[in-house]
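Novice: Need a 3D model of the following:
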Amino acid sequence: MMRTGFHFQEIFKPLFFLTQILCLAPYTIKNKRIIISKIRLILSVILVAANVALTVIYFKNLNETLNTDFAKAGTIKFLSIFRDLGSTAVMVVNVAFSYGHSKRLLAELDKIYQVDKELAELGLEDNINKANASLKRNLKILLVLVHLIFITFGETGSALLKEHERVMYLLVNLYPRLIIGFLNITVYMVSMLIEGRFKIINLLFTRKMIESNQLRKYPIEFDFCDKIKHLVSLHKVLVKVSKEINSNFSFQVLLCITMNFILLIGDLHTIMYIIFFGLFTKHSRIVFDILKHCIGYIFDLFYIAKRSADLCEEANRTKVLLLGIKIDVEKEDERNLVIASTLKLMQNKLEITACKLFNIDNALLFSICSAASSYLFIMLQLDMGNKQNPTEAPMGVDNTTLIF
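Specialist: Here you go, the predicted structure:
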């Protein structure tokens with residue numbers, strides 16, 4: 001059990017409400033303490049087990065609804081199976097990790113609350129309130145965009161395009177996608193929360209930098225060294241919190257990035273296959289449905305990279321601002337403190353990684369684009385070569401819609 005002494009309930013209230021609907025976090029608050037609720041835990045296990053059972057039943061019947069000739073196109077068949085099974089597998093991992101990580105996340109949020117209290121004592125309460133209001137607006141936008149449009153409406157539309165097992169398809173896919181979407185939004189919001197605190201700290205350093213350029217003998221405050229030490233210590237706390245949260249969610253984020261990347265390439269390959277072999281007119285609805293999936297994958301990859309890159313940029317920008325403070329030549333102690341603090345910040349660089357395999361930043365997007373282009377070019381060449389080879393049996397194209 002631990003104390004829930006943070007003031008972010010109002011900001012994350014929609015997410016908390018969503019966890020109750022999805023039975024994602026089997027916790028309850030009693031006497032200002034978080035305890036495991038046995039009823040919610042049992043209900044959560046039942047929902048996950050039921051979804052896994054439905055997935056198994058769905059794929060046992062799937063072979064009967066697939067057109068055998070067209071299903072021999074291995075990439076397309078793999079795509080259909082991987083999309084559904086992958087979502088279910090990631091859902092199971094997310095639920096399992098959420099049981100252990102919920103308390104850790106709340107502990108880190110409590111540390112951010114302590115930082116907020118110290119920043120408020122420095123006269124920055126209005127800045128904190130503005131940052132929190134912006135977070136609430138962004139959360140509402142993300143919930144509508146991700147959960148309502150991309151997931152709920154998107155999966156319902158995909159189910160309507162099915163000729164068989166429409167209800168089963170929706171049951172198998174909707175719940176896992178909502179769980180994955182919840183995880184992604186949680187990561188987005190926590191990243192923006194910490195980034196906002198870095199911006200407030202950087203605002204103070206920016207003010208000091210401007211003052212140092214306007215005054216001849218700076219600093220003139222007697223407590224200049226104490227303020228710099230205080231701000232650097234708060235920055236250190238936020239960097240440590242960021243790394244801890246990154247460690248907690250690293251594996252789940254890695255799974256989501258991997259799954260989105262594979263599905264994006266698979267869907268783009270399917271679209272290119274349909275277009276290049278003259279099937280677009282007959283299967284245009286399927287192409288638009290796949291494009292809808294691709295937009296969701298691209299959004300997830302782009303936004304997680306953007307949030308991570310913006311967070312790291314704001315955290316690592318502090319040392320540049322600190323070096324920009326001009327210290328009078330006679331103020332040796334203050335100058336030495338600024339240099340020492342800058343060196344500490346340089347050694348405490350923030351990087352968001354996926355299980356320390358690669359950094360999650362803007363460079364990741366360029367790597368994904370490069371890899372996707374190469375893979376699609378190779379697969380298209382193989383498809384065209386197989387199509388032109390007279391020794392290969394032609395693939396059936398009459399019932400393409402049945403695999404999606």
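Novice: can you pull out the helices in the protein?
Specialist: Taking DSSP state H as the criterion, the chain carries its helices at 13-22, 38-65, 68-71, 74-121, 125-142, 154-161, 166-214, 224-276, 284-316, 318-323, 332-347, 362-388.
Novice: Residue 329: what's its closest spatial neighbour, skipping adjacent residues?
Specialist: Distances taken as Cβ to Cβ, 6 or more residues apart in numbering place residue 335 nearest to residue 329, at 7.9 Å, with adjacent residues excluded. For the C-beta atoms, the positions are set from N, CA and C on the backbone; glycine is no exception.
Novice: doesn't residue 327 make contact with the one you found?
Specialist: Yes. The criterion here is Cβ atoms under 8 Å, and residue 335 meets it with residue 327 at 4.2 Å.
Novice: Please identify which of the two sits among more neighbours.
Specialist: residue 327 (19 against 15; other Cβ atoms under 10 Å).
Novice: C-alpha coordinates for stretch 105-113, PDB please?
Specialist: What follows is stretch 105-113, C-alpha atoms only, in PDB (Å, rounded to 0.1, in the frame of the first residue of the first chain):
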ATOM      1  CA  LEU A 105       3.500   5.000 -11.900                       C
ATOM      2  CA  LEU A 106       1.600   6.600  -9.000                       C
ATOM      3  CA  ALA A 107       4.800   6.800  -7.000                       C
ATOM      4  CA  GLU A 108       6.500   8.600  -9.800                       C
ATOM      5  CA  LEU A 109       3.500  11.000 -10.200                       C
ATOM      6  CA  ASP A 110       3.800  11.700  -6.500                       C
ATOM      7  CA  LYS A 111       7.400  12.800  -7.000                       C
ATOM      8  CA  ILE A 112       6.300  15.200  -9.700                       C
ATOM      9  CA  TYR A 113       3.700  16.500  -7.300                       C
END
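Novice: and that stretch, what's its mean pLDDT?
Specialist: For stretch 105-113, mean pLDDT rounds to 87.
Novice: who's in contact with residue 302?
Specialist: residue 365 (Cβ atoms under 8 Å, 6 or more residues apart in numbering).
Novice: hmm, I was thinking of residue 82
Specialist: 259, 262-263, 266.
Novice: so which of those is the most crowded?
Specialist: Ranked by neighbour count (other Cβ under 10 Å), the contacts of residue 82 have residue 266 at the top, with 24 neighbours.
Novice: Now do the same for the nearest residue to residue 260 once chain neighbours are set aside: its pLDDT.
Specialist: Spatial nearest neighbour of residue 260, excluding adjacent residues (Cβ to Cβ, 6+ apart): residue 297 at 4.4 Å. Looking at residue 297, its pLDDT stands at 92.
Novice: how much space between residue 297 and residue 253?
Specialist: Here residue 297 is placed at a distance of 14 Å from residue 253 (Cβ to Cβ, to the nearest Å).
Novice: Next: residue 279.
Specialist: Taken as Cβ to Cβ, the span from residue 279 to residue 253 is 36 Å.
Novice: now do residue 298
Specialist: 16 Å.
Novice: Could you do residue 86 as well?
Specialist: 15 Å.
Novice: Assess the claim that residue 235 and residue 318 are in contact.
Specialist: Yes. The criterion here is Cβ under 8 Å, and residue 235 meets it with residue 318 at 5.6 Å.
Novice: Pull up the overlap in contacts between those two.
Specialist: 198, 201, 345.
Novice: how about the residues you listed in JSON lines, adding neighbour count?
Specialist: Below are the shared contacts of residue 235 and residue 318 laid out as JSON lines (neighbours: other Cβ atoms under 10 Å):
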{"residue": "198", "neighbour count": "24"}
{"residue": "201", "neighbour count": "22"}
{"residue": "345", "neighbour count": "23"}
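Novice: can you tell me which of the residues you listed lies nearest to residue 270?
Specialist: residue 198 (41.6 Å; Cβ to Cβ).
Novice: Tell me the pLDDT of that closest one.
Specialist: Residue 198 is given a pLDDT of 95.
Novice: distance of it from residue 207?
Specialist: Distance from residue 198 to residue 207, by Cβ to Cβ: 15 Å.
Novice: Model confidence for the residue lying closest to residue 180 once chain neighbours are set aside, exactly?
Specialist: Nearest non-adjacent residue to residue 180, counting by Cβ to Cβ, 6+ apart: residue 90, 5.6 Å away. Listed pLDDT for residue 90 reads 85.
Novice: All set, thanks.
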